[in-house]
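> Predicted coordinates and the sequence they were generated for:
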Amino acid sequence: SGTDLSPEMLMQARETCMAKGHMPLLLCQDMKELDLYGTVDVAVCATNSLNYLEKEEELAAVFSLVHNFLTPGGLFLFDINSLYKFETLYGENTYVFESDKAFCVWQNQYDAKDGVCDFRLTIFEEERGGRYKKLEEEQCQTYFSLEKVKELLVKAGFELLGVASDCKGGALEEDSADIYVTARCIK
């Protein structure tokens, strides 16, 4: 099973799964309204998706929903952005990316007091005939401390099994950009 708020991402997941001979249940839904058709043994929330939640209450609610749909002893694997990433890599930085068919300007504005980073993406995508289409997108992420994440996991009924700097279990360092969390559902 898989869920995503983006129909485009679900279509890409569908195509990838079908190419490998699989057809899982894919649901278009907001993680804040997670509603599966039964329980699962493992839940994965990837690419720092939890940082798109705006408040600790929303994070707590998502943890509770995931707990509801996990079997006893089921695993919850997710990653979140570190404070280092918000302050240093995001910060007030502007990044420019260029490929054969696109050009992207990514501007960040981080408010340390609120723990919120606003992103403004301007993308120029090449179309047929050499013309470029301009696309603009705004996103926002919220920083959640590891201590708060641990507290909310326990309140939701999870046992924290470990944290790491990458999906291979690397040790957390002061300059780790991501924090990978493994928790077990206790029922």
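Received, thanks. Just so we're clear, the structure is a prediction, and the values are computed from it rather than from any experiment.

> alpha carbons only for contacts and neighbour counts from here, please
Noted.

> Run through who's touching stretch 9-28.
Contacts to stretch 9-28, defined as C-alpha atoms under 8 Å, 6 or more residues apart in numbering, come from residues 1, 2, 3, 4, 5, 6, 7.

> Confirm that residue 151 sits in a helix.
Yes - checked against DSSP: H, G, I helix; E, B strand; the rest coil, residue 151 lies within a helix.

> one step back: mind checking which of the contacts of stretch 9-28 land in strands?
Among those, DSSP state E puts 2, 3, 4 in strands.

> Whichever of those end up buried, select them in ChimeraX.
The buried subset of the ones in strands among the contacts of stretch 9-28, as determined by 16 or more other C-alpha atoms under 10 Å, is captured in ChimeraX by this line:
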select :2,3,4
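
> now the ones in strands among the contacts of stretch 9-28 as CSV including distance to residue 86?
Output for the ones in strands among the contacts of stretch 9-28, formatted as CSV (distance: C-alpha to C-alpha, whole Å):
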residue, distance to residue 86
2, 28
3, 26
4, 24
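
> Tell me which stretches of the chain form strands.
Assigned by DSSP E, the strands in the chain fall at 2-4, 26-28, 40-45, 70-81, 94-98, 102-111, 116-126, 132-142, 158-164, 178-185.

> Reformat the ones in strands among the contacts of stretch 9-28 as TSV; add pLDDT.
As requested, the ones in strands among the contacts of stretch 9-28 are exported to TSV (pLDDT from 0 to 100):
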residue	pLDDT
2	89
3	93
4	93
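
> for residue 166, what are its contacts?
Going by C-alpha under 8 Å, 6+ apart, the list of residues near residue 166 reads 178, 179, 180.

> In ChimeraX, select just the buried ones from these.
Buried subset of these, written as a ChimeraX selection, criterion 16+ other C-alpha under 10 Å:
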select :178,179,180
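
> Tell me the one of the contacts of residue 166 nearest residue 120?
The closest of the contacts of residue 166 to residue 120 turns out to be residue 178 (C-alpha to C-alpha; 21.0 Å).

> From residue 18, how far out is the closest residue in space to that closest one that isn't next to it in sequence?
Closest residue to residue 178 apart from its sequence neighbours, by C-alpha to C-alpha, 6 or more residues apart in numbering: residue 81 at 4.7 Å. Using C-alpha to C-alpha, to the nearest Å, we find residue 81 at a distance of 31 Å from residue 18.

> out of these two, which sits in the busier spot?
residue 81 (23 against 12; other C-alpha atoms under 10 Å).

> wait, doesn't that one sit right on residue 143?
Yes - using C-alpha atoms under 8 Å, residue 81 is in contact with residue 143, at 7.0 Å.

> okay, and the common contacts of the two?
Residues touching both residue 81 and residue 143 (C-alpha under 8 Å, 6+ apart): residue 51.

> distance of the spatially most central residue of the chain from residue 15?
Closest to where the C-alpha atoms of the chain average out (C-alpha atoms, centre = their mean) is residue 49, at 1.7 Å. According to C-alpha to C-alpha, residue 49 and residue 15 sit 21 Å apart.
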